[in-house]
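Chemist: Could you work out the structure for the sequence below:
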Amino acid sequence: QVQLVESGGGFVQAGGSLRLSCVASGRTFRSLTMAWFRQFPGKERQFVAGIVANSVSTDYDDSVKGRFTISRDNAKNSVYLQMNSLKPEDTGVYYCAGHTNPYREVTRTASDFGSWGQGTQVTVSS
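Modeler: This next block holds a predicted model:
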């Protein structure tokens, strides 16, 4: 497993943009499918976006498709989430996650991910 640290959350007005970053420790990062999840108060974590180890495949929840973009830089052990056209309903805590096993397809199931960051708050005002 890897240690993950997110950054880039904050407060933004509706229609604005934020870029989340997640830095991983450990040499296994480049073999792991990575994902971003988010959590609303009182709700379970939900899948936002995922990317496979070599970046050739990505997946997005329908609620963010066309607005959010996931990317990674294996040389920097980092994964990013560019969030544009933000809406108040995007408000929540965003988590970076690393798949438990290497070289897997993108999955939307939180239990498939064994490494998690501490989360970063995103607040979008109307």
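Chemist: make it CA atoms for all contacts and neighbour counts henceforth
Modeler: Noted.
Chemist: Name the nearest residue to Gly10, ignoring sequence neighbours.
Modeler: In space, and not counting its chain neighbours, Gly10 is closest to Val122: 5.1 Å by CA to CA, 6 or more residues apart in numbering.
Chemist: what's the answer for Leu86, then?
Modeler: Counting by CA to CA, 6+ apart, the residue nearest Leu86 is Gly15, at 4.9 Å.
Chemist: who does the most centrally placed residue in the chain bridge with?
Modeler: Geometric centre of the chain, nearest residue: Trp36, 2.0 Å, by CA atoms, centre = their mean. Per DSSP bridges, the residues bridged to Trp36 are Ala49, Cys96.
Chemist: Next, the contact list for it, please.
Modeler: 47-50, 81, 94-97 (CA atoms under 8 Å, 6 or more residues apart in numbering).
Chemist: at 6 Å what do you get?
Modeler: For Trp36, the contact set (CA atoms under 6 Å, 6 or more residues apart in numbering) comprises 48-49, 95-96.
Chemist: Take those residues and write them to JSON lines, including pLDDT, distance to Gln1 and neighbour count.
Modeler: Putting the contacts of Trp36 into JSON lines (pLDDT from 0 to 100; distance: CA to CA, whole Å; neighbours: other CA atoms under 10 Å) gives the following:
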{"residue": "Val48", "pLDDT": "98", "distance to Gln1": "21", "neighbour count": "24"}
{"residue": "Ala49", "pLDDT": "98", "distance to Gln1": "20", "neighbour count": "26"}
{"residue": "Tyr95", "pLDDT": "98", "distance to Gln1": "16", "neighbour count": "26"}
{"residue": "Cys96", "pLDDT": "98", "distance to Gln1": "13", "neighbour count": "30"}
